[in-house]
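> Give the three-dimensional model of this entry:
(chains A, B, C and D, ligands or ions: 5)
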Amino acid sequence: QTPVALQLSWLHSVQFAGSYLAVQNGWWRDAGLEVSLLQGGPNAPVEPPVVSGTALVGISAADYTAAAVAQGAPFRIIGVAMQKNPFVIASLPGNPIVAPADLPGKRIGMAVANTPVLQALCSLNDVDFNAVRIVPTQYSAQPLLAGEVDGLLCWETDLPVAMAMQGVRAQTMLMADHGYALHSQTYIATDDSLANRRSELVALMTGEVRGWNAYRADTDAAAELTVAMFPDAGMDLPTQRLQAERQVPLMFSDLTDAQGFGSWTDEAVQANIRTLALLGRSVTPELWDRSILDEVHGR
Amino acid sequence: MVDRPLVPITCTGLSKIHDNGVMALDPLDLTFEGGRTIALIGPSGCGKSTLLRLIAGLEQPTAGRVSLAGLAPAEQAARGAIAMAFQDPSLLPWLTLRRNIALARTLARQPADPRLVDELIGLVGLEGFHETRPAALSGGMRQRAAIARALATRPQVLLLDEPFGAVDELTRRQLARDLPPLWQPLGTTTLLVTHSVDEAVLLADRIVVLSPRPARVVADLPVDLPRPRPPEMTETPEFRRIAAQALQALAQGVADNPALAAQ
Amino acid sequence: MVDRPLVPITCTGLSKIHDNGVMALDPLDLTFEGGRTIALIGPSGCGKSTLLRLIAGLEQPTAGRVSLAGLAPAEQAARGAIAMAFQDPSLLPWLTLRRNIALARTLARQPADPRLVDELIGLVGLEGFHETRPAALSGGMRQRAAIARALATRPQVLLLDEPFGAVDELTRRQLARDLPPLWQPLGTTTLLVTHSVDEAVLLADRIVVLSPRPARVVADLPVDLPRPRPPEMTETPEFRRIAAQALQALAQGVADNPALAAQ
Amino acid sequence: MTTLARQAGSPFALLMLWQLAAAATAGRFLLAGPVEVLAWLSANPGLVGRALSVTLANAAWGFLTGNVAAILIAAVAMGWPRVLPLLTGLALVVFCLPLIATGPILRVMMGPGNGPQIVLAALAVYYTTLIPLLAGLRAAPAGWFDLVATYGRGRLAELVHIRARSSLPYLLAGLQISAPAAFLGAMVGEFTGAERGLGVLTIRFARDLNVPALWSLAAVAAAISIAAYLAIGAAGKRLQTERPPVILAPPRLSRGSAPDRLGHAGLLAVATLALWWGGMEALGLDPFFAKRPPDLLAALTVAPEAAAMWQALLRAAGETAAFVLPGYAAGLALGAGLAMLLSLVPALAELVTPLAIALRSVPIVTTAPLVVLLLGRGAAGTIALVALMVFFPTFVACQHGLRQAPGQVLDILRSYGAGPLRQMLHVRIPAMLPAFFASARIGVPAAILAVTVAEWLATGRGLGNLMTLSASLSDYTMLWLTVVLATLASILGYAGVAWAERRVLRVFAPEQVDR
Ligand SMILES: Nc1ncnc2c1ncn2[C@@H]1O[C@H](COP(=O)(O)OP(=O)(O)OP(=O)(O)O)[C@@H](O)[C@H]1O
Ligand SMILES: Nc1ncnc2c1ncn2[C@@H]1O[C@H](COP(=O)(O)OP(=O)(O)OP(=O)(O)O)[C@@H](O)[C@H]1O
Ligand SMILES: Cc1ncc(C[n+]2csc(CCO)c2C)c(N)n1
Ligand SMILES: [Mg+2]
Ligand SMILES: [Mg+2]
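Ligands and ions are numbered 1, 2, ... in the order given. Here you go, the predicted model:
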């Protein structure tokens, strides 16, 4: 058994249920891997452990990866979990934001680090970014519910789900539907690993693919497994179920049906490169490396 | 100034048992006439300081009461009527000599009086040390500063706890000559705890001799010597007679105490 | 025990100017014979404590040097040869009386000696207060505790800075009788700063009278009275003659000082 | 009223206030009252119990190691005073390191276990104990040291026989400051990727809008911290029987001169660089996120975007300075003012102290929405957040300091009928100054760390924002530059406080100066 680590990008939740299913079903163990899943958190960036080799693979996002590469990190994207970027602008039905054109004059709460994201969305849709008021918010939807902001920049699967569980049906505008093409939950590994630890990478990704396929087959079961595996994490089942359900359209598509979980097209890469350019990043298609997934899917 | 009312001190059934069970005062009944100087002498540890602290309102008696012209000590203290020089000088370390003395007037809510402060500093022989802080004064100098402070408010009740303990014999005589004129014309009731029998006779109108702990009155001697009493008076037979009486009472008090006599 | 070498003390050209510019000692040359008791008397603030502190190595002289049997003060201190009773008792408030005294032996790296500690407590009249902390002792009791502590190491050099200042006359006489036998047979060189001329004559082999600040030697009087010297001896003509000499020298020193005389 | 009823009165009043505040903000997902909290806790005892046991154990280890380290450093500094400036300087530098920079390094070094949480808890406390302890180790009358010196014994004997004991009141203040800080440190340490604990649950429940759960965690953290604080206080009371002495210490000519201090600064700079660079090399940390001094130097000089770097840094620093100074001053004033108030009106203590501890032990992410609601995200809110995070050490230290007023001197005042107010003015405040300045030294780096958190939470400006931004962009060069800048600011501020302290304490507590 070879011990390897997979660095998750956030606290445990169905966001990573595919990995839990792989553990649960022994798909990694059978492939000779002993995988530890390293939890993330607000002060636990993904990139450092991957650079230092503490984690073989990390779950990042194309913008984060591009930034790290610009800083000299030798990363490649070897899989794409979220075909559609999960960012939305969430708003309340009484004061909805349904299209980018609704943004000017609105107060949008977000982690300030995400400012470029909104900027990119505005320029993609010819909206005056300077007319949008950014309010720094962090962990919760409370400022929206308290009327402190008109919209929240957040994940479709995160704060809107929490609001729904509190009985608030929030309006969400998925940024991916308005030109914001950016791969999220991307699997990253270093050039060095790609050169020297291929078999481990293949085994790891094989487990992921099998896990996520199982997830798609029964999201409720995935949610139940998630809650059962981490009884101390304070998750509740209905929330995880709803999140699991909402995640599906972001992760699975005709493309994944045809080519398997984690795949991407050359067109998607070009679209990502254009979005990244708006974010001030210039990358080449070489950032994406298909070779591991090809092996996984026996291509 | 002289027409202030005199403040007699009455202790009725006064007793004090400290937290640790040490009985410092047995029921004690004593009256000190207003405007007079009374010396208290008694063996070390008999309760003299305790008595003064009770009179100043710094401690509460276990039983009995102290009355200063009908008022409780705290009430007289609040009027600024009391001043005390402790056995241990207790100057404020961060204030200069001058400000330490001036502080007494502030605390007693009396107007500042730099002239008086300077005069007192001169009288206790600390000329030139106005701006010196206590840490740079010698032991005897600190004690003299504390006396000056006690006099700075022209108190109606003056409690002096061994004020000259750290002062040399010569300075002591000089102080014994120079200081009483400061308070006697004011009708100040002065209680003077002292270890020196001669000093008691020289300064007081009356000497109360206390027994070892718990203090009882062993002797209550009037001192009828004329004033002023120059240092030479200590050699007169009348003076020596009273001193001898006091010393003998002191010795008697110790001998009467079975516990101590056994030691 | 008696065959320890005597430690004479030599001060050569000793002078001390404090940080604030106060000159506490002018060049002073003095020798104290080993094994004798020498009393130092002088007006308050003249530099007696400063001299003792220089001899104990607590301060560095501005000029000149102190030699204790050829060694520097710090060297003798490190041998545990010195003990000092300070003007202010400086007991550690968190230690009981017994432990305060025992601490001296620990500091001097001497083996614990509970018997000696108990004996000293008895001798200074503090029987029954072994486990009492300083805060619950009276002023005089604390001072006696400090004397006991100074004696606890059976020092070769004993520096007593007004050890009886806060003690009543009777207790004082008793201490003056009981304590010297503790150190005299040991060949201890004892320097006794005192304010009481009688005490000086009663205890010392020699009396050094100092002038006002900066201290100079005004008189150096041998005391040839026989030992033991019972309290009654204070009334003998020979005793009174020496006492009068000392007092006169003290007065002389003050009068000679133009600055002070002008006051 | 019986004493029992009186003792129960204040906690009851506190709970009532809390419930009222919760009722007033009902429906806004801000605050849950004690009733909801109790209900949630009784419905989830296992979950809370398990999380608490993890966090509490980490906090306890951090508390222990941090304080032992502080005591050891202080002891070394007392025994060998020449290293004191270097030791306190390094201690300050280490304390200045923000979680955002240390978190990833600790996680990479120590793995997924409890190591980082314990280290972060220890880092949160060692400094707040060290500084008051150093003041306490000096707070003794010169006469006690003379006693030791007459027996020819040196610094070690002083330390063992005098300082160890006479410093207790100050050590106690340090430990009481530490108690909530250790707990909070352990909780916040969990943000770096820990699997279990109250901190992990806090993020979870904040995102889930589970307000009763969020405030239940806050209540548990506060309760534990209050209990630890009170236990330390009670233990201290049993040790502290005697009245504080009058501390007479002879005035000294200043020994440290300006060139000396420059020398110390130079030595500190060299030692810091050596430890930083050497440490990173020795641990083999990847230069991608563990930047070495030359990397930063290059970025500021030869790199093509050096000018932009400078500009970004200086602009952020300017924005931060505008908040940190008033926040620091407000925190000191609040802490000292509250301590004085409680000394004058002791009955208020039972109401104010638990609240103060709670504010210090509850993660800012829980309380920030309340502050923002009351004061907004502008200057007032940010300054308030900084003040809230700074005031606690000052509050505790000043309370202990006020109790250091010498009993004999207070007696003098009482014999003149001076009441509590004049005792405060003439004796307690002067006696408090060493403790106050100790807390002012603590407050400098604390304020700078606090403002970076507040900026990230509330304003989105300044160094705090630059730090988070750089971290999310993997711009570790910029991140470390901001860390260096914040550290330099702390050192400068600290030197300023030390300068003022020397002037004031030379008069009020010369024993504290130039040892
Ligand atoms: N705070 C205290 N707690 C307990 N016992 C105390 C306290 N203060 C004094 N005592 C005890 O009370 C007794 C009387 O003390 P007090 O200070 O009144 O004596 P004194 O007559 O002033 O003695 P001295 O002449 O030595 O100053 C002593 O036995 C002392 O031990
Ligand atoms: N630490 C100090 N700094 C400055 N001046 C000092 C210091 N200690 C003492 N002095 C000054 O030195 C002089 C001598 O002081 P010292 O304590 O030696 O006097 P002393 O003879 O012991 O007096 P006393 O009999 O009053 O105790 C005094 O004028 C005093 O003000
Ligand atoms: C709901 C939700 N919010 C934030 C993150 C955090 N995150 C998203 S991508 C990424 C990579 C950066 O290193 C990180 C940390 C998450 N995973 N899920
Ligand atoms: Mg007394
Ligand atoms: Mg002296």
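
> Would you map out the domains in chain D?
Chain D breaks down by the TED database into domains covering D:29-246, D:291-514.

> For the residue of the stretch 151-300 of chain D found nearest ligand 4, grab the count of nearby residues.
Proximity of the stretch 151-300 of chain D to ligand 4 (CB to the ion) peaks at D:R243, 16.0 Å away. Heads up, the C-betas are built off the backbone N, CA and C, glycines and all. Residues within reach of D:R243, counting by other CB atoms under 10 Å in any protein chain shown, total 16.

> pretty sure it contacts C:A135?
Yes. D:R243 lies in contact with C:A135 (CB atoms under 8 Å); the separation is 6.3 Å.

> Are there residues contacting both of these two? Which ones?
Jointly contacting D:R243 and C:A135 under the rule CB atoms under 8 Å, 6 or more residues apart in numbering or on different chains are C:P93.

> In terms of helices and strands, where is whatever residue of the stretch 51-200 of chain B ends up closest to ligand 1?
Here the stretch 51-200 of chain B gets closest to ligand 1 at one residue, B:Q87, 5.6 Å apart by CB to the nearest ligand atom. When elements are assigned from DSSP states H and E, B:Q87 belongs to no helix and no strand.

> In contact with it, which residues?
Neighbour list for B:Q87: B:S49, B:D161, B:E162, B:G165, B:V193, C:G139, C:A166 [criterion: CB under 8 Å, 6+ apart].

> please redo it, this time with the cut-off set to 6 Å
For B:Q87, the contacting residues are B:S49, B:D161, B:E162, C:G139, by CB atoms under 6 Å, 6 or more residues apart in numbering or on different chains.

> closest to D:A124 among those residues?
Here the nearest of the contacts of B:Q87 to D:A124, counting by CB to CB, is C:G139; it sits at 46.9 Å.

> mind listing the strands for chain A?
Using DSSP state E, the strands assigned to chain A run over residues A:2-7, A:33-38, A:57-61, A:75-82, A:87-91, A:107-110, A:133-136, A:151-155, A:171-174, A:184-190.

> And the closest residue to B:T171 other than its chain neighbours, how close does it get to ligand 2?
Nearest residue to B:T171 in three dimensions, chain neighbours excluded: C:S44, at 5.0 Å (CB to CB, 6 or more residues apart in numbering or on different chains). Separation of C:S44 from ligand 2 (CB to the nearest ligand atom, to the nearest Å): 3 Å.

> Mind checking what secondary structure C:S44 has?
Judged by DSSP: H, G, I helix; E, B strand; the rest coil, the three-state class of C:S44 is coil.

> how close does it get to C:G35?
As for C:S44, its distance to C:G35 is 29 Å (criterion: CB to CB, to the nearest Å).

> for A:A90, same thing?
As for A:A90, its distance to C:G35 is 96 Å (criterion: CB to CB).

> just the helices in chain A please.
Ranges of helices in chain A, per DSSP state H, are A:17-24, A:27-30, A:47-52, A:62-70, A:115-124, A:142-145, A:159-165, A:191-196, A:198-217, A:219-229, A:237-251, A:254-259, A:266-278, A:291-296.

> Minimum distance to D:L351: which of the ones you listed has it?
Nearest of the helices of chain A (CB to CB): helix A:142-145, 27.8 Å.

> The closest one and chain D, are they touching?
Yes. Using CB under 6 Å from any CB of the partner chain, helix A:142-145 reaches chain D at A:Q142, A:L145.

> Those residues of the stretch 1-150 of chain B touching ligand 1, which are they?
Residues of the stretch 1-150 of chain B lying close to ligand 1 by CB under 6 Å from any ligand atom are B:18-20, B:22, B:24, B:42, B:44-50, B:87.

> Can you select the buried ones from these in PyMOL?
Restricted to buried positions by 16 or more other CB atoms under 10 Å in any protein chain shown, the PyMOL selection for those reads:
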select buried, chain B and resi 22+24+42+44+45+46+47+48+49+50+87
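
> Chain neighbours aside, what residue packs nearest to B:G13?
Using CB to CB, 6+ apart and skipping residues adjacent in sequence, the residue nearest B:G13 is B:G64, 3.5 Å away.

> Just the buried positions in the helix or strand containing that neighbour, please.
If you go by DSSP H and E, B:G64 is part of strand B:63-68. For strand B:63-68, a neighbour-count test (16+ other CB under 10 Å) marks B:G64, B:V66, B:S67, B:L68 as buried.

> what does stretch B:115-123 give?
Going by 16+ other CB under 10 Å, stretch B:115-123 has these buried residues: B:L116, B:V117, B:L120, B:I121, B:L123.

> Once you drop chain neighbours, what's closest to residue 158?
Since you didn't name a chain, this refers to chain A. Counting by CB to CB, 6+ apart, A:D158 lies nearest to D:R207, which is 6.4 Å off, once chain neighbours are set aside.

> was after chain D, sorry
D:V148 (5.1 Å).

> Find me the pLDDT at the one you found, would you?
Here the pLDDT value assigned to D:V148 is 96.

> How about residues contacting the one helix or strand it maps to?
Assessed by DSSP H and E, D:V148 sits inside helix D:142-150. Residues from elsewhere that reach helix D:142-150 (CB under 6 Å, 6+ apart): C:A56, C:L58, C:I82, C:M84, C:D88, C:S90, D:A157, D:E158, D:I162, D:A249.

> do the same with stretch B:48-58
With contact meaning CB under 6 Å, 6+ apart, stretch B:48-58 is reached by B:16, B:24-25, B:40, B:42, B:59, B:61, B:66, B:73-74, B:77, B:82, B:84, B:87, B:159, B:161, B:193, C:138, D:411, D:414-415.

> from what I can see D:V362 touches D:A218, true?
Yes. Contact criterion CB atoms under 6 Å: D:V362 and D:A218 qualify, at 4.2 Å.

> count of neighbours near the nearest residue to B:D198 once chain neighbours are set aside?
Excluding the flanking residues, the one nearest B:D198 by CB to CB, 6+ apart is B:T234, at 5.4 Å. Using other CB under 10 Å, B:T234 has 16 other residues around it.

> Equivalent analysis for D:G378, please.
D:G378: 12 neighbours (other CB under 10 Å).

> Local confidence estimate at it?
So D:G378 comes in at 85 (pLDDT).

> Quick check: closest non-adjacent residue to it.
Per CB to CB, 6+ apart, closest to D:G378 is D:T459, 7.7 Å.

> for the residue of chain D at minimum distance from ligand 1, helix, strand, or coil?
In chain D, the residue found nearest to ligand 1 is D:R243; the distance is 9.0 Å by CB to the nearest ligand atom. Three-state assignment for D:R243 (three-state DSSP): coil.

> Next, give phi and psi for it.
Dihedral pair for D:R243: phi -80, psi 150, per degrees, to the nearest 10.

> Return the residues in contact with it.
Contacts for D:R243 (CB under 6 Å, 6+ apart) come out as D:G407.
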